[in-house]
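A.B. asks: Could you look at this predicted model? Sequence included:
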Amino acid sequence: MVDWGFRVENSIANKYAKSLYDVSVSIGIEKGIADQLKILKDFILSMANYEKNLKKYSLISQYGEVFISQIKDELKLSKEVGNFLTLLLKNKRLPLIVEMCDAYFSLVSAVKGRKVFFITHATDFLSSDKKHLTDALHKIFGGKIEYVSRRDPSLIGGIKIQFRSKILDYSVKSKLTRLQSAIRGSSYEN
C-alpha cells in the first residue's frame, strides 16, 4: 500500500479504504468511486439486520459471492468497487464496509479543492529537490502547491508526478521500457 502521508486512523477499515483510494487516484476516478460507495453504503444501511447478514456472508463465502454478485448487478458498480468487495469477502472483512466507506469519504474530502501532487522518487528526495520541484509546479499551476511523496527504488532513477488523473513519468524505469518497446518494434535482429 502506498503511504501518501494523509492522517488516517490506523484501523483495518481505514487501511482498506486507503488502498481503494490509492487505486482510484492512480486511475483518476476518486469522485466516481466516492459516488458508488455512497450508493453502496445507503443500500447496505437499508438492509434489515445488515450487520448480522454481512457477518453471515463473510463466514459462508457461497452466500457472500451471491450477495456481491447481486449488488454489483443491481447497483451497477464499477469493476474497481466490485473487485474491492470481492477482496473484502475473501479476507472476511465484509462487515466493515460501512466504516470503510466513511473512511474513503474522509480521504476524498481531505484533498478536495487542494492542488495536491503525488510524487514518487527513486532515491532520497533532498530539500533542494523539494524546493526546486515546488517552484516549478508553482510556475505552471500557480497557487499553493502541496504534495506528498514516497520513495520507490524500482524506478531506478528519476521521478513520477501525479496530479489528479495525469501522470508525468520521468523515471529511468519508464525510459528503459519505452526503449525496449522501440527496439522490439523495429526491424532490429539479435
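C.D. replies: The structure has been received and is ready for your questions.
A.B. asks: Now Lys55. Nearest residue, chain neighbours left out?
C.D. replies: In space, and not counting its chain neighbours, Lys55 is closest to Pro95: 5.2 Å by Cβ to Cβ, 6 or more residues apart in numbering. Bear in mind the C-beta positions are built from the backbone N, C-alpha and C, glycine included.
A.B. asks: so who does the one you found touch?
C.D. replies: Applying Cβ atoms under 8 Å, 6 or more residues apart in numbering, we find Pro95 in contact with Glu51, Leu54, Lys55, Ser58.
A.B. asks: Tell me the one of those residues nearest Leu155?
C.D. replies: Ser58 (37.6 Å; Cβ to Cβ).
A.B. asks: count of residues packed around that closest one?
C.D. replies: Using other Cβ atoms under 10 Å, Ser58 has 21 neighbouring residues.
A.B. asks: Determine the longest helix present in this protein.
C.D. replies: helix 30-46 (DSSP state H).
A.B. asks: Are there helices or strands packed against that one, and which ones?
C.D. replies: On a contact count with 3 or more Cβ pairs under 8 Å, 6 or more residues apart in numbering; DSSP states H and E, helix 30-46 meets helix 12-26, helix 61-75, helix 79-90, helix 97-111.
A.B. asks: starting at the chain centroid, how far to the last one?
C.D. replies: If I follow you right, that is helix 97-111. Distance, stretch centre to chain centre, for helix 97-111: 12 Å (Cα atoms, centre = their mean, to the nearest Å).
A.B. asks: so the helix or strand following that helix versus helix 97-111, what angle?
C.D. replies: Scanning forward in sequence from helix 97-111 by DSSP states H and E, the next helix or strand is strand 116-121. Counting by axes from the mean of the first three to the mean of the last three Cα atoms, to 10 degrees, strand 116-121 lies at 90 degrees to helix 97-111.
A.B. asks: Show me what strand 116-121 is packed up against.
C.D. replies: helix 127-141, strand 146-151, strand 159-163.
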